[in-house]
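>>> let me see the structure of the following:
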Amino acid sequence: MSERAFSFIPINQRQGKPRTRGVTEIRGPYYAAVGPNYLRDVLATMGAWVDGFKYAGGAFALMPPEQVKAINDICHEHDVYVSTGGWIEHVLTRGSEAVNAYIEECKDLGFDMIELSSGFISLPTDDLLRLIEQVKTAGLRAKPELGIQFGAGGDTPAEELEAEGAQDPDWMIEQAKRCLDAGAHMIMVESEGITENVTGWRTDVVARVVNALGLERCMFEAADPPVFEWYVKSYGNEVNLFVDHSQIVQL
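Just a heads-up that it's a prediction; the model follows:
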């Protein structure tokens with residue numbers, strides 16, 4: 001950050017933007033509407049600490065396209081990339097033509113990244129790898145969202161998730177390695193089953209992911225203050241985190 005108030009007081013240093021570590025992505029519209037005016041205020045005050053902006057839950061599909069484009073343009077003015085949330089799993093159920101059109105419209109509206117999640121559908125790894133290639137061919141970055149919990153992403157109660165059972169973390173790690181080898185930009189690690197909607201945090205899973213993939217290649221979903229506090233205390237300020245737009249100052 002080139003200029004800040006009280007700059008004579010030192011703070012922990014981080015890379016300048018565009019960062020490769022210590023990347024912070026904020027959730028845009030989902031739990032609350034986020035429009036151009038609000039976003040301008042957020043980025044005017046805290047833009048130095050925001051690297052990415054994500055529309056969650058297909059929120060962009062409820063908005064006029066000119067407003068989506070306006071929001072994306074504001075992000076780019078502040079060196080902030082724009083990502084879809086995991087809406088691809090909804091689009092996939094509509095067939096390949098819908099997927100092609102989805103990727104094309106993302107490009108037209110100024111998105112930089114498409115998140116590829118499969119919390120509610122069974123998506124073979126080979127199909128996921130083909131999606132990564134398709135996104136890359138369109139000139140966009142692919143960010144698979146992987147986790148150990150099926151049914152994740154919809155605030156499912158812990159009891160229901162426990163009934164579903166969790167996958168072997170090693171399987172997720174191997175899938176992540178294949179995605180990165182295929183050219184994925186980064187892996188988003190889904191919080192459910194690890195720090196969200198669980199009776200006890202699976203910090204062992206986080207350690208295995210970091211040891212296998214490295215901090216730079218993963219982003220951890222941490223949209224709960226005790227969770228992102230733990231990540232920073234455990235891995236320092238160079239851990240890549242996804243938080244809500246309302247939490248950026250606290251983080």
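
>>> phi, psi for residue 174 please.
Here is the backbone geometry of residue 174 (degrees, to the nearest 10): phi -70, psi -40.

>>> check what pLDDT it gets.
Reported pLDDT at residue 174 in the predicted model: 96.

>>> the one 3 residues further on now?
On the pLDDT scale, residue 177 is placed at 97.

>>> ok, it touching residue 209?
No - applying CB atoms under 8 Å as the test, residue 177 and residue 209 come out as separate, 10.7 Å apart. C-betas here are computed from N, CA, C, even on glycine.

>>> tell me which of those two has more neighbours.
residue 209 (23 against 15; other CB atoms under 10 Å).

>>> can I get the helix or strand in which the more buried one is found in CSV? Just the C-alpha atoms.
Assessed by DSSP states H and E, residue 209 sits inside helix 203-213. Only the C-alpha atoms of helix 203-213 are listed here, as CSV (Å, rounded to 0.1, in the frame of the first residue of the first chain):
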residue,chain,number,x,y,z
THR,A,203,-7.5,-28.8,11.4
ASP,A,204,-5.6,-31.9,10.5
VAL,A,205,-7.1,-31.7,7.0
VAL,A,206,-5.9,-28.2,6.6
ALA,A,207,-2.4,-29.2,7.6
ARG,A,208,-2.4,-32.1,5.1
VAL,A,209,-3.6,-29.8,2.3
VAL,A,210,-0.9,-27.2,3.0
ASN,A,211,1.8,-29.8,3.3
ALA,A,212,0.8,-31.4,0.0
LEU,A,213,0.0,-28.4,-2.1
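
>>> what mean pLDDT does it get?
The model assigns helix 203-213 a mean pLDDT of 96.

>>> repeat that for stretch 50-61.
pLDDT averaged over stretch 50-61 gives 96.

>>> end to end, how far does it reach?
24 Å (CA to CA, to the nearest Å).

>>> list the buried residues of it.
50-60 (16 or more other CB atoms under 10 Å).

>>> could you do stretch 218-228 as well?
218-223, 227-228.

>>> low pLDDT regions in the stretch 151-251 of the chain?
Within the stretch 151-251 of the chain, the stretches with pLDDT under 70 are 151-165.

>>> also the stretch 1-150 of the chain?
Ranges of the stretch 1-150 of the chain meeting pLDDT under 70: 1-2.

>>> show me where it has strands.
Using DSSP state E, counting those that start in this stretch, the strands of the stretch 1-150 of the chain run over residues 24-27, 52-55, 81-84, 113-117, 141-146.

>>> quick one, helices of the stretch 51-200 of the chain?
65-77, 88-92, 96-108, 125-137, 158-164, 169-181 (DSSP state H, counting those that start in this stretch).

>>> can you tell me the closest non-neighbouring residue to residue 35?
Of all residues not flanking residue 35 in the chain, residue 67 sits nearest, at 6.8 Å (CB to CB, 6 or more residues apart in numbering).

>>> burial check on the one you found, number of neighbours?
Residue 67: 13 surrounding residues under other CB under 10 Å.

>>> pretty sure it sits against residue 34.
No - under the contact definition of CB under 8 Å, residue 67 does not touch residue 34, with a separation of 10.4 Å.

>>> present the helices of the stretch 51-200 of the chain as JSON lines; the columns should include distance to residue 115.
Formatted as JSON lines, the helices of the stretch 51-200 of the chain follow (distance: least, CB to CB, whole Å):
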{"stretch": "helix 65-77", "distance to residue 115": "15"}
{"stretch": "helix 88-92", "distance to residue 115": "7"}
{"stretch": "helix 96-108", "distance to residue 115": "10"}
{"stretch": "helix 125-137", "distance to residue 115": "10"}
{"stretch": "helix 158-164", "distance to residue 115": "21"}
{"stretch": "helix 169-181", "distance to residue 115": "12"}
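
>>> among the ones you listed, which is the most enclosed?
Greatest average neighbour count among the helices of the stretch 51-200 of the chain goes to helix 88-92 (a mean of 19), per mean count of other CB atoms under 10 Å.
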